[in-house]
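Student: give me the fold of what follows.
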Amino acid sequence: MNLTRVGAISRKEFLQVRRDPRSLLIALFMPIMLLGLLGYGVRLDAKHVPVYVFDRDGSQDSQALLKRFQASEYFDIARVVDDYAAITEAVDAGRCKLALVVPPDFGRRLRDGGRVSVQAIVDATDDNTANLAIGYATAVVSGFSQDVQLEWMRRHGLPDRSAAPPLSIEFRTWYNEELESRNFIIPGVVALVITLVGALLSSLTIAREWERGTMEQLVSTPVTAREIMVGKLIPYFGILLVDAAICVAVGIAWFAVPFRGTVGTLFVATALFLTVVLGIGFMISVAIPNQLGASSIAILVTLLPTNLLSGFAFPIDQMPAPIRALTYLVWSRYYVTILKALFLKGSGLRDLAEPLLALVVYAAVVGACATRVFRKTLR
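Tutor: Purely as a prediction, here's the structure:
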């Protein structure tokens, strides 16, 4: 391989990218746009859930319970209504995700030490939000119930310890202490952005030459097919490394996602992943000689598997066994695993040997296939 010829092809491709506004838009603005949209738009936790209340008791005890909900960051008391029909209408119209109905004898039964129930109506059209709202509401009511029980014990001269439960669990969360879904999502978004941008840019390389009628000039030169491939992909490799650095920097500085790993490990993993993505895009560009068709197939082949089967949006261990087996063929699965481990766990090369080895194998296979698919001949 002649490095001088490779450098000439690389300079030519870089000039084409610089003069092509569509490629510049994809390379420079799409990563930031996608990171902003997905970073702010995709949330797996629920905060400030709107709550409607029908307080049939109106006592100080019922007001104390509602203040507990209002004080929680997970709930907002949107409105207090006067009848059950208003609750039903609000849930039907989607104005609230949770509705509380306090019974008329709530305060009296609490003071007498009896058991009392509060009805909670949950809109379960979004099952994730519904499950989270149920869990948060249960925690609020449990805390309030324990305080009421302690107060009742003190009022009757009983020791506080008699109200304490015999067993308790103390949770310690590792790696994502605040349980922020953003810390889980942003590393996956980095992989999604690099996959989409890399596939789109590399899928236009050979297709652009055919559409512009310059492929004949390349064929007539002494440059070999491998030199053309390497020369054309080097500029995109550099551009995508910059994009990856920007995405990681924005995730850390703007979204406050912790990064506990090393830059060296991140660079090695990203370089291997880019080799795979650019090789796949290049093969698509060779197979489809027009830019529109090549870019459409590139989005279909790369975006869907990365979004659905990489562990970015859906946990792999919860998938059915056949789908779980299929995820091992998705190259982005390994990169998403590496990114999450680097960001949240601070894992090193030894800890990430398995996914890194999988990326090495993928890069070797894709590189070999891309080299064999491209031939320096006219169609």
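Student: in this structure Val118 contacts Arg68, no?
Tutor: No: counting by C-beta atoms under 8 Å, Val118 stays clear of Arg68, with 11.3 Å between them. Backbone N, C-alpha and C define where each C-beta goes, glycine included.
Student: can you list the weak-confidence ranges in the stretch 151-300 of the chain?
Tutor: Applying pLDDT under 70 to the stretch 151-300 of the chain flags residues 152-153, 155-173, 179, 213, 216, 219.
Student: and the next element down the chain from the helix or strand encompassing Ile121?
Tutor: For Ile121, the host element (DSSP states H and E) is strand 119-122. Past strand 119-122, further along toward the C-terminus, the next helix or strand under DSSP H and E is helix 127-155.
Student: now do that next one: which elements does it pack against?
Tutor: With contacts taken as 3 or more C-beta pairs under 8 Å, 6 or more residues apart in numbering; DSSP states H and E, helix 127-155 sits against strand 49-55, helix 60-71, strand 75-81, helix 106-111, strand 119-122.
Student: any idea which of those is most buried?
Tutor: Comparing the helices and strands packed on helix 127-155 by mean neighbour count (mean count of other C-beta atoms under 10 Å), strand 49-55 ranks first with a mean of 21.
Student: neighbouring strands - and their directions - for it?
Tutor: strand 75-81 (parallel), strand 98-102 (parallel) (DSSP bridges).
Student: could you dump those strands to a markdown table with mean pLDDT and distance to Ser310?
Tutor: As requested, these are exported to a markdown table (pLDDT from 0 to 100; distance: least, C-beta to C-beta, whole Å):
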| stretch | mean pLDDT | distance to Ser310 |
| --- | --- | --- |
| strand 75-81 | 91 | 33 |
| strand 98-102 | 90 | 33 |
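Student: now tabulate the ones you listed in JSON lines and tack on distance to Ile234.
Tutor: Output for those, formatted as JSON lines (distance: least, C-beta to C-beta, whole Å):
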{"stretch": "strand 75-81", "distance to Ile234": "53"}
{"stretch": "strand 98-102", "distance to Ile234": "55"}
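Student: and Gln291, which of the ones you listed is closest to it?
Tutor: When these are compared by C-beta to C-beta, strand 75-81 sits nearest Gln291, at 48.6 Å.
Student: counting contacts, what elements does whichever helix or strand comes after the closest one pack onto?
Tutor: Going down the chain from strand 75-81, the next helix or strand is helix 84-93, by DSSP H and E. Packing partners of helix 84-93 (3+ C-beta pairs under 8 Å, 6+ apart): strand 49-55, strand 75-81, strand 98-102.
Student: list the buried residues of helix 84-93.
Tutor: For helix 84-93, a neighbour-count test (16 or more other C-beta atoms under 10 Å) marks 87, 90-91 as buried.
Student: please tabulate those residues in CSV and include pLDDT and distance to Thr265 as additional columns.
Tutor: Listed next are those as CSV, based on pLDDT from 0 to 100; distance: C-beta to C-beta, whole Å:
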residue, pLDDT, distance to Thr265
Ile87, 89, 53
Ala90, 89, 51
Val91, 87, 49
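Student: in a markdown table, list those residues along with distance to Met30.
Tutor: Output for the buried residues of helix 84-93, formatted as a markdown table (distance: C-beta to C-beta, whole Å):
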| residue | distance to Met30 |
| --- | --- |
| Ile87 | 45 |
| Ala90 | 40 |
| Val91 | 39 |
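Student: out of those residues, flag the one nearest to Gln318.
Tutor: Closest to Gln318 out of those is Val91 (28.6 Å), distances taken as C-beta to C-beta.
Student: who are the contact partners of the closest one?
Tutor: For Val91, the contacting residues are 52, 99, 121, 123, by C-beta atoms under 8 Å, 6 or more residues apart in numbering.
Student: distance of Lys97 relative to Asp55?
Tutor: From Lys97 across to Asp55, the span is 18 Å (C-beta to C-beta, to the nearest Å).
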